[in-house]
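Undergrad: okay, predicted coordinates and the sequence, questions at the end:
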Amino acid sequence: MNQKPNVWTQVGCGDEGTASFAMDAVCDVPRIPHYLMRALLLVILLAMLAGCGERGHVYRQQAYTFGTIVDITIWGHDEAKAQQAMAAVFADLDRMHRDWHAWEPGPLYDLNQALPSGEWVKIPEPVKPLLRRARALSEKTGWLFDPGIGQLIRLWGFNDQFYNRTEPPLQAEIDAILAKHASMADLEIEDDRVRSRNPAVYLDLGGFAKGFGVDMAIARLKELGVTDAIVNAGGDLRVIGQRGARPWRIGIRHPRGQGIIASLEVAHDESVYTSGDYERFFDYQGRRYHHILDPRTGYPAQGVVAASIIHDSSAAADAASSALVVAGVAGWEAVAKAMGITQAMVIDDTGKIHMTPAMAKRIHFEVSPPPEIILSEAW
Amino acid sequence: MRRGDVLALLLAVSILPPLYAVLWHDGRGGDYARILVGGQQRELVSLHEDRTLEVSGELGVSTLEVKEGQIRFLASPCPGQQCVHNGWIHFGGDVLTCLPNKISIAILGGEQRFDSVNF
Amino acid sequence: MSAPLLRHETLIARTDDFRIAAWAALAITIHILESAVPMLLPGLKPGLANVIVVAVLVCYGWRSAAWVALLRVLVGSLLIGTFLTPTFLLSLSGALASVAALYLAWRLGGWFPRWAPGALGYSVLASMAHMAGQFFVAYALLIPHPALLKLLPLLMTLALAFGIMSGLIAAAMVRSIHGRERTDQIT
């Protein structure tokens, strides 16, 4: 074809203008006005440019606080602003961690020291927002999530992350603590003061404090003008906005084995909370003893290895996810219903997955073969 | 061949390599692991060189192993040993932590499957 | 080709109509023949019918080419019996995408005549756009599985190869059409 270039250039297309003109005149092809065509072309070109121009960045920072690795992700255009916001939030979280720590000197620790007296005690300022909320949620779970069982937690050694038991406590020790029936239900809260009817109550807000901290962190980010972000403190994750044009993609860790069991997309202020028996545990004689204690038996909860919840309030989701693990395969639906949770997933110790229909619509399993799924009929 | 033909061919050919690069990104693994101790970056390790390294944390020295683009905790002085049980990671954005020893490993680069992982 | 009766024009087919019909018939024939040939991958065809579309574009302009392309899909699917099936949907989306690409290239070629593509360029663009459009619809509506994305680079490479192939055929056709038309004018 190189021998006759003139044929191509001149003859091939030379008269297409006249050809189409002639056709317009003669043939009744629906005619689109020229200016419309131009406009359409312009729109297409602009859309292509916009597609290239719409670029943001992910800013991500991790820090060790709240006894875990906290991971903050921000989507945006302004790096300085993102870094500043992350630094502010980490500082906040550090302070909250100290304020709400049950076992190290601080406001909550002081309160715990004062409670056994049975007298009215002024609630320390930083603990105030937390305490009322924790009690209300605790009640909603039917006291399956009960921060009042600090003594039991200490007996099992789950209060100290640098110390791990290698064998469970003696039955007698457990029975002795259970006999005291310590529960957050024993607290009377009145405006800014509190008293305990039971001297055995010791408050360990544990994961609930972490969830509350995530809520506060998100509030702080919003205050600082951040619209798209993830705050992830271990199993407690809350997102706002999305990642540019798409929702945030979240993986849920496999409770056994490695990697990710499932993923889901979340956006516009949602929380994904997972509690599992793999977070803190020790194995003794082939059995796993983990940190989610059943206040009724004094032993780690049985039957459920992990529970995940999607909810709009993080604090509620945190309380609920622990409560679902405690409630077990037979009881999780009732607890979820009582707490107004519609998106929940529970993995039992045989690897079967129980979930609500609303959860099933959103979650994608990342393992093959896919696990056995039992859809709850309670919804 | 017309100039426009060359242009069209160039355009067509030029979209192919990025397409392969993006969609056939094999392995999807990351290139580096960032090792944090207490939230501070301690080391940046290439995942393409097999090695073991020792990182001292809050409790003592943890041993990490890099092999075939993956990284794991080989040994750690923590009581629970969860970090060792967790095994290998290699996807971009994946995180492995030993909470008691305050050491965390984050994979950089590669295909990031998830923006964050609920664990 | 709807006839606006308000304009009191006769419904007599014009030469352009005949021309479009003739080319479309040819394209449809190729379309049907091609659909009878088994292929290694579903939806993967050399797209020889696009030869006709490109040749018509180069010789008679964008409007005729669009008619031929769309008639081919419509009538072709009616004749094979795939009308309104997923196959038809894929075919239609591919045709629409390639017509759009051709329009864009043709218009730009009109504005910058020195850079206007010939049959080969048009064919390559049309083929790539056809594949991309088809793939997009397949992925979005029929099989939204990430594994399908792995096929895209390969399919686009094949589309390029097929585009060059049919472009060369189209170029040869354009030359012969032009020669004939010139004779027609003389006689």
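TA: Perfect, I can see it now.

Undergrad: OK, contacts around the residue nearest to the spatial centre of chain B?
TA: Note on chain B: the residue nearest the mean C-alpha position is B:Ile107, at 2.7 Å, using Cα atoms, centre = their mean. Contacts of B:Ile107 were listed using Cβ atoms under 8 Å, 6 or more residues apart in numbering or on different chains, and they are B:29-30, B:32-34, B:47, B:71, B:89-95. Yep, even glycine has a C-beta here, placed from its N, CA and C like the rest.

Undergrad: apply 10 Å and report the result again.
TA: For B:Ile107, the contact set (Cβ atoms under 10 Å, 6 or more residues apart in numbering or on different chains) comprises B:29-34, B:47, B:69-71, B:89-96.

Undergrad: C:Ala159 too?
TA: Contact partners of C:Ala159, counting by Cβ under 10 Å, 6+ apart, are B:12, B:16, C:44, C:46-47, C:94, C:124, C:126-132, C:134-135.

Undergrad: quick one: the strands in chain B, in order.
TA: Per DSSP state E, chain B carries strands over the ranges B:32-37, B:40-46, B:51-56, B:61-67, B:70-75, B:95-98, B:103-108, B:116-118.

Undergrad: would you list these in TSV and tack on mean pLDDT and distance to C:Leu71?
TA: Formatted as TSV, the strands of chain B follow (pLDDT from 0 to 100; distance: least, Cβ to Cβ, whole Å):
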stretch	mean pLDDT	distance to C:Leu71
strand B:32-37	87	56
strand B:40-46	85	59
strand B:51-56	90	65
strand B:61-67	90	60
strand B:70-75	89	56
strand B:95-98	82	57
strand B:103-108	85	54
strand B:116-118	82	52
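
Undergrad: closest one to A:Ile74 among those?
TA: strand B:116-118 (11.6 Å; Cβ to Cβ).

Undergrad: what lies in contact with the closest one?
TA: Residues outside strand B:116-118 that contact it (Cβ under 10 Å, 6+ apart): A:60, A:71-73, A:230-232, A:234-237, A:239, A:248-253, A:259-260, A:262-264, A:266, A:271-274, A:276, A:306, A:308, B:89, B:91, B:93-95.

Undergrad: can you tell me which helix in chain B is longest?
TA: helix B:3-23 (DSSP state H).

Undergrad: do me a favour and average the pLDDT over it.
TA: Here helix B:3-23 scores 87 as its mean pLDDT.

Undergrad: same check on stretch C:110-118?
TA: Stretch C:110-118 carries an average pLDDT of 88.

Undergrad: buried ones in the helix or strand harbouring A:Tyr64?
TA: Assigning secondary structure by DSSP states H and E places A:Tyr64 in strand A:57-65. For strand A:57-65, burial by neighbour count (16 or more other Cβ atoms under 10 Å in any protein chain shown) applies to A:58-65.

Undergrad: please produce a markdown table containing those, extended by pLDDT.
TA: Formatted as a markdown table, these follow (pLDDT from 0 to 100):
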| residue | pLDDT |
| --- | --- |
| A:Val58 | 83 |
| A:Tyr59 | 86 |
| A:Arg60 | 84 |
| A:Gln61 | 84 |
| A:Gln62 | 82 |
| A:Ala63 | 82 |
| A:Tyr64 | 81 |
| A:Thr65 | 83 |
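
Undergrad: let me know the closest of those residues to C:Phe88.
TA: Nearest member of these to C:Phe88, counting by Cβ to Cβ, is A:Val58, at 41.4 Å.

Undergrad: ok, that closest one - contacts?
TA: A:Val58 sits next to A:73-76, A:82, A:228, A:230, A:243-244, B:93, B:112, B:115 when contact means Cβ under 10 Å, 6+ apart.

Undergrad: that one and C:Gly81, how far apart?
TA: Look at A:Val58 and C:Gly81: by Cβ to Cβ, to the nearest Å, they are 50 Å apart.

Undergrad: go on, C:Trp23?
TA: Note on C:Trp23: its distance to C:Gly81, by Cβ to Cβ, is 23 Å.

Undergrad: what strand or helix carries the residue in the stretch 201-350 of chain A positioned nearest to chain C?
TA: Chain C sits closest to A:Ser263 of the stretch 201-350 of chain A, with a gap of 11.4 Å, by Cβ to the nearest Cβ. For A:Ser263, the element it lies in under DSSP H and E is strand A:260-266.

Undergrad: partner strands of the helix or strand following that strand, parallel or antiparallel?
TA: Moving toward the C-terminus from strand A:260-266, the next helix or strand (DSSP H and E) is strand A:270-276. Using DSSP bridges, strand A:270-276 pairs in its sheet with strand A:236-240 (antiparallel), strand A:304-311 (antiparallel).

Undergrad: ok, the spatially closest residue to A:Thr166 that is not a sequence neighbour - how many residues close by?
TA: Of all residues not flanking A:Thr166 in the chain, A:Phe282 sits nearest, at 6.1 Å (Cβ to Cβ, 6 or more residues apart in numbering or on different chains). Using other Cβ atoms under 10 Å in any protein chain shown, A:Phe282 has 22 neighbouring residues.

Undergrad: in what helix or strand does A:Phe282 lie?
TA: Per DSSP H and E: A:Phe282 is located in strand A:281-284.

Undergrad: quick one: mean pLDDT for whichever helix or strand comes after that strand?
TA: Counting by DSSP H and E, the next helix or strand C-terminal to strand A:281-284 is strand A:287-290. On average, the pLDDT along strand A:287-290 is 86.

Undergrad: what are the contacting residues of strand A:287-290?
TA: Taking Cβ under 10 Å, 6+ apart as the rule, strand A:287-290 contacts A:156-158, A:164-169, A:275-283, A:299-302, A:305, A:325, A:349, B:80.

Undergrad: do a quick rundown of the helices in chain C.
TA: C:15-36, C:49-60, C:62-80, C:86-111, C:119-137, C:146-149, C:152-186.

Undergrad: can you flag the weakest of these by average pLDDT?
TA: Of all the helices of chain C, helix C:146-149 has the smallest average pLDDT, which comes to a mean of 72.

Undergrad: for stretch A:198-215, give the mean pLDDT please.
TA: Stretch A:198-215 carries an average pLDDT of 87.

Undergrad: buried ones in that stretch?
TA: Buried, per 16+ other Cβ under 10 Å, within stretch A:198-215: A:198, A:200-215.

Undergrad: C:Ala100: how many residues sit nearby?
TA: There are 16 residues near C:Ala100, going by other Cβ under 10 Å.

Undergrad: got it, and the one 3 residues further on?
TA: Here the number of neighbours of C:Tyr103 (other Cβ under 10 Å) works out to 19.

Undergrad: does it really touch C:Val53, like I thought?
TA: No. Here C:Tyr103 does not reach C:Val53: they are 11.7 Å apart, not a contact under Cβ atoms under 10 Å.

Undergrad: overlap in contacts, those two.
TA: The contact lists of C:Tyr103 and C:Val53 share C:65-66, where a contact means Cβ under 10 Å, 6+ apart.
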